[in-house]
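**Student:** My questions are about this predicted structure, shown below with the sequence.
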Amino acid sequence: MLSHLYRPQLNEISYLQKRIVCYKVQAMQPETVSDAKRRLLECLKRKGPTTASVLAGLLELTDVAARQHLLALEGMGLVRQEKLPADGRGRPSMLWSLDDRAGGVFPDGHGELTVTLLEAVREAFGEEGIARVVDIWAGDQVNDLRRTMPAPSNSLKSRVEALARQRAAEGYMAEVAEEGPGRFLLIEHHCPISQAARSCAGICSAELEVFQRVLGDHVSVERTSHLLGGGDRCIYSIQSKEEDDDWRCF
């Protein structure tokens, strides 16, 4: 074991940490795209920017059907169109291409790679190395979230809603439910990093700490349901400590 030979150096762990869990996950899942739309996406993936008429010919669709599918995919944020300069008479053609968000539709082995790298870190640096990786990742998460959050002077509701929007953008299918004055539930219906979390339980603990640090000491954050603990989703109970103190006075 390499961990018996030397203690992990910060720069080594920092490099590995950047390779592991700090990736952006696409919110669009493959199963939400129909077979016809998937074939269009695969064709654009192979051919690059293409007109609807060319796509229709390649896939044996009518022009109308191809355009309908493309417009639906555009609404899903998976493709985009740009206008080509008109060539002589007639309307200018529209060139269709994949949006960056379409990457989530195609096979992606980042989950398996992440688990493999975590196991390699554990083998090389031991549990101390894994803990250091998670600490650095959590710090990066806090910094990223703080850049998107309203200032602490804003209402707790606006801050929890901003947190949910950012988590939803990262693929967690997050939403907020209001339970009462100063009391909210942050509900995450999906965990895009579940493979990494199963390999390293510290990631889930770190996420709870991240939410606490982002929302501040005047707020309590408690996980009441855990996807990897047998729940069907992750639910966080978030409430203002000031509001809680006020309720106790009655």
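**Tutor:** Perfect, thanks for sending it.
**Student:** Who are the contact partners of residue 34?
**Tutor:** Listed by CB atoms under 8 Å, 6 or more residues apart in numbering, the contact set of residue 34 is empty. All C-beta atoms are positioned from the backbone trio N, CA, C, and that covers glycine.
**Student:** In terms of pLDDT, where does it sit?
**Tutor:** Note for residue 34: predicted pLDDT of 87.
**Student:** Would you check how far apart it and residue 103 are?
**Tutor:** 18 Å (CB to CB, to the nearest Å).
**Student:** now residue 199
**Tutor:** Taken as CB to CB, the span from residue 199 to residue 103 is 23 Å.
**Student:** How about residue 33?
**Tutor:** For residue 33, the distance to residue 103 - CB to CB - is 13 Å.
**Student:** neighbour-wise, which of those two wins?
**Tutor:** Higher neighbour count among residue 33 and residue 103: residue 33, with 20 against 15, using other CB atoms under 10 Å.
**Student:** Excluding residues flanking it in the chain, which one is nearest the more buried one?
**Tutor:** residue 105 (5.7 Å; CB to CB, 6 or more residues apart in numbering).
**Student:** Would you confirm that the one you found contacts residue 40?
**Tutor:** No. In this structure, residue 105 is not within contact of residue 40 by CB atoms under 8 Å, at 10.7 Å.
**Student:** so residue 210 touches residue 135, yeah?
**Tutor:** No. Under the criterion of CB under 8 Å, residue 210 makes no contact with residue 135, lying 10.9 Å away.
**Student:** what about the two, which has more around it?
**Tutor:** residue 210 (20 against 15).
**Student:** which non-adjacent residue is nearest the more buried one?
**Tutor:** Nearest non-adjacent residue to residue 210 (CB to CB, 6+ apart): residue 141, at 4.8 Å.
**Student:** give the contact list for that neighbour.
**Tutor:** Each residue near residue 141 by CB under 8 Å, 6+ apart is listed here: 206-207, 210.
**Student:** need those in a markdown table with distance to residue 225 and pLDDT, can you?
**Tutor:** Output for the contacts of residue 141, formatted as a markdown table (distance: CB to CB, whole Å; pLDDT from 0 to 100):
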| residue | distance to residue 225 | pLDDT |
| --- | --- | --- |
| 206 | 18 | 96 |
| 207 | 14 | 96 |
| 210 | 18 | 97 |
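**Student:** Go through those residues and name the one nearest residue 223.
**Tutor:** Nearest to residue 223 among the contacts of residue 141 is residue 207, at 8.5 Å by CB to CB.
**Student:** Check which helix or strand the closest one maps to.
**Tutor:** Assigned by DSSP states H and E, residue 207 falls within helix 202-215.
**Student:** try residue 236
**Tutor:** Element membership for residue 236, per DSSP H and E: strand 234-240.
**Student:** same thing with residue 222?
**Tutor:** Assigned by DSSP H and E, residue 222 belongs to strand 219-225.
**Student:** Any buried residues in that strand, and which?
**Tutor:** In terms of neighbour count (16 or more other CB atoms under 10 Å), strand 219-225 has its buried residues at 219, 221, 223, 225.
**Student:** who's in contact with the third one?
**Tutor:** Meaning residue 223. Counted by CB under 8 Å, 6+ apart, residue 223 has contacts 208, 234-237.
**Student:** Please identify which of the residues you listed is nearest to residue 67.
**Tutor:** If you rank the contacts of residue 223 by distance to residue 67 using CB to CB, residue 234 comes first, at 39.7 Å.
**Student:** The closest one contacts residue 227, doesn't it?
**Tutor:** Yes. Between residue 234 and residue 227 there is a contact under CB under 8 Å: 5.0 Å.
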